[in-house]
Each structure stands twice: as structure tokens, then as C-alpha cells.
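In: I'll drop the sequence and a predicted model, then ask my questions.
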Amino acid sequence: MFEGFKHFRLDVNGTFINGVSGGSGPALLLLHGYPQSHVIWHKVAPRLAARFSVVATDLRGYGDSGKLDGGGNHEAYSKRVMARDQVEVMAKLGFDRFAVVGHDRGGRVAHRLTLDHENAVSKLVVLDISPTRIMYAKTNHGFAQAYYHWYFLTQPAPLPERLIGGDPEFYLLKKIGSGKAGLSPFTPEALAHYIRYIRNPEMVHGSCEDYRAAAGIDLEHDAADEHRKLSCPVLALWGAHGVVHRFFDPVADWKSVAEDVRGKPLPCGHYIPEEVPDLFLEEAVPFLKT
């Protein structure tokens, strides 16, 4: 995977961030979701690298990046802090301005990054999410059933950590294989990485802290910025067979927090870059190029 890319590990913002970089052209940062890593981009990153200087990282707490204690209010995993990690990574790689594509949790980090560092972000692509504050506000029984992990992972430590740790591989495969496509989108090599990560108790704890922050301090930050709108163009893509499509209207939701929004569903579930890489590129590349 990631043939022709360079691996890096950079000390930033009190931790270290693992990732890969490759290609040439305008800078493009790729941010993954739960419970994965930069590996989610392995089907699309080499093709993006033909047009862009691509950087794909592991968020703090995930993959092979640093895994810190979250602190009493989980501030170390606030999207504000996680966004700062990525801005510092890009600066160390020589990029002060860049586009961002964020899937799932990475999309939430990208949203905060674009709010806090608006001069750094040229364009934003969000994959299979609506803004966090809106999703919590619109939660109903059906969404809570489908996204049970939002509420399970926020329980005080060590409850979810211990339960996941009892059979981490079972939990992972059940989690990522629960969509219409099952496990078919995931190559054996990618699955091996995801299984390795989930077997690490520090990664399990770090990812729980990410969700705990989202249900607390991140909502406080979002409430403080409720009257601000993203000024850069935003493209929202989501899975027509996924939970977000059933319960939310991503274009309308993003228009409530951004000035320039377009988007559409794709014929897939949640894991867009691995399920429909060609369709993702067909939509994302023209948007990012203009």
C-alpha cells in the first residue's frame, strides 16, 4: 500500500503523528475515521498523488500516532487540539495552506480545523457525516440504535475499554462489517492493520477519549461558534445505504454551518474511500481542482 509514498513520524503539539506523504501539486490532507487509520485511503491516495501533494495521517489516539491521557474533561482529544496536530504536521511538511478531506471522525476534526484555521484551508470535503452538534440535537431512537457506539464509547473509563478488550477482533469486524457491503470493501492487508490497532489497549482508550470529547468539550466549542460559518467551499458526500442518509440531510445540515455547500449521496455505505473509490474520486477531484 501507498507505493511511492514516504512514511513520517512528526513531533507536534505535545504528541507525535504518524503518516505518509507523496505526490506533487496543491497540498491535500486526508483524515480518517473510527476505528481506522490513514490506511483507509490506500485505494485513492496514489491516484490523488498524480494531482496533489497528498498527506494522510493517523489522528492522535489512532493507528500508530501518539496516545495520550485525555485529562479530566477529555480536552486532549477535543477536535480543537486534534486539529492543531494536523496544522502543525502540515506546517512541518512545508504546507501553510491546503485542502482537507475528512471521513467520519476525521471529518469532525476537519470541521474544527477549518473553523479555527480558516486561512489555512482552501476547500473541505466531508464524508458521511453531518456536523456533530446537529447530529446530537437530532438524535432519535432509530439513530441511537444504529449509532449505539456514540453512546457506548462515551461511558466512563474503563467500561468500554474493558468490554472491547475482551474480544477486540470480534468487535472490530462486527463494527466495520455491519453495513450492506459487509467486509467486502476491506482488503486483507487493510484488515490486518485495523485488527492490529484494535488489539492495542492504548488505541481503544484513545478512541474512546475522542468520543468522550465529542459529547462534551466539543459541543461547548461548537456552541460558542454557533453563529460562525465556514467560508471555504464544502463538498459533502455520504452513503445512500448508510445511517447518515436515513436520518439526516447532509447538504442542508452543512449549509447551516457553511456558506458554500454542495453534495450528493453515493451508492455505498459508510466507508466511502474503500467501498467506491472510483466514484469518490469522480466527485472529489473536480471539486478540489477548481
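Out: Looks like it came in fine.

In: please make it C-alpha for all contacts and neighbour counts, starting now.
Out: Noted.

In: what separation is there between Ala213 and Pro233?
Out: Ala213 is 27 Å from Pro233, where distance means Cα to Cα, to the nearest Å.

In: which ones are touching Val243?
Out: Val243 makes contact with Phe143, Ala146, Tyr147, His270, according to Cα atoms under 8 Å, 6 or more residues apart in numbering.

In: hmm, try it at 7 Å
Out: By Cα atoms under 7 Å, 6 or more residues apart in numbering, Val243 lies in contact with Ala146.

In: just Leu235 next, same as before
Out: Remark: with contacts taken as Cα under 7 Å, 6+ apart, Leu235 is in contact with Leu124, Val125, Val126, Val261, Arg262, Gly263.

In: out of these, who's nearest Val109?
Out: Checking these against Val109 by Cα to Cα gives Val126 as the nearest, at 10.2 Å.

In: where does the closest one fall, phi/psi-wise?
Out: Main-chain torsions, Val126, degrees, to the nearest 10: phi -120, psi 130.

In: where does it land on pLDDT?
Out: Here the pLDDT value assigned to Val126 is 99.

In: tell me the spacing between it and Leu235.
Out: Taking Cα to Cα as the measure, Val126 falls 6 Å from Leu235.

In: likewise for Glu220?
Out: Distance check for Glu220 against Leu235: by Cα to Cα, it reads 25 Å.

In: what about the helices in the stretch 151-290 of the chain?
Out: Taking DSSP state H, counting those that start in this stretch, the helices of the stretch 151-290 of the chain run over residues 159-166, 168-176, 188-198, 201-214, 217-224, 243-247, 250-255, 272-275, 277-289.

In: compare Ala213 and Pro233 (neighbour count), which wins?
Out: Remark: of Ala213 and Pro233, Ala213 carries more neighbours, 22 against 18, as counted by other Cα atoms under 10 Å.

In: surely that one touches Ala76?
Out: No. Look at Ala213 against Ala76 with Cα atoms under 7 Å: they stay out of range, at 8.3 Å.

In: what is the burial count for the residue nearest to Gly4 when sequence neighbours are not counted?
Out: Closest residue to Gly4 apart from its sequence neighbours, by Cα to Cα, 6 or more residues apart in numbering: Gly22 at 6.7 Å. When neighbours are counted by other Cα under 10 Å, Gly22 registers 22.

In: pretty sure Gly22 contacts Lys6?
Out: Yes. Applying Cα under 7 Å as the test, Gly22 and Lys6 come out as touching, 6.3 Å apart.

In: ok, Glu155 to Ala215 distance?
Out: Not Glu; residue 155 is Gln. Relative to Ala215, Gln155 is positioned 10 Å away (Cα to Cα).

In: who's more crowded, the two?
Out: The residue with more neighbours, out of Gln155 and Ala215, is Ala215; 19 against 16, by other Cα under 10 Å.

In: relative to Ala157, how far out is that one?
Out: For Ala215 relative to Ala157 (Cα to Cα), the value is 14 Å.

In: just Gly165 next, same as before
Out: Between Gly165 and Ala157 the distance is 12 Å, computed by Cα to Cα.

In: the more surrounded of these two?
Out: Ranked by neighbour count (other Cα under 10 Å), Gly165 and Ala157 place Gly165 first, with 18 against 13.

In: could you list the low-pLDDT ranges of the stretch 1-150 of the chain?
Out: For the stretch 1-150 of the chain, applying pLDDT under 70 flags no range at all.

In: okay, now Asp11: neighbour count?
Out: A count of nearby residues for Asp11, using other Cα under 10 Å, gives 15.
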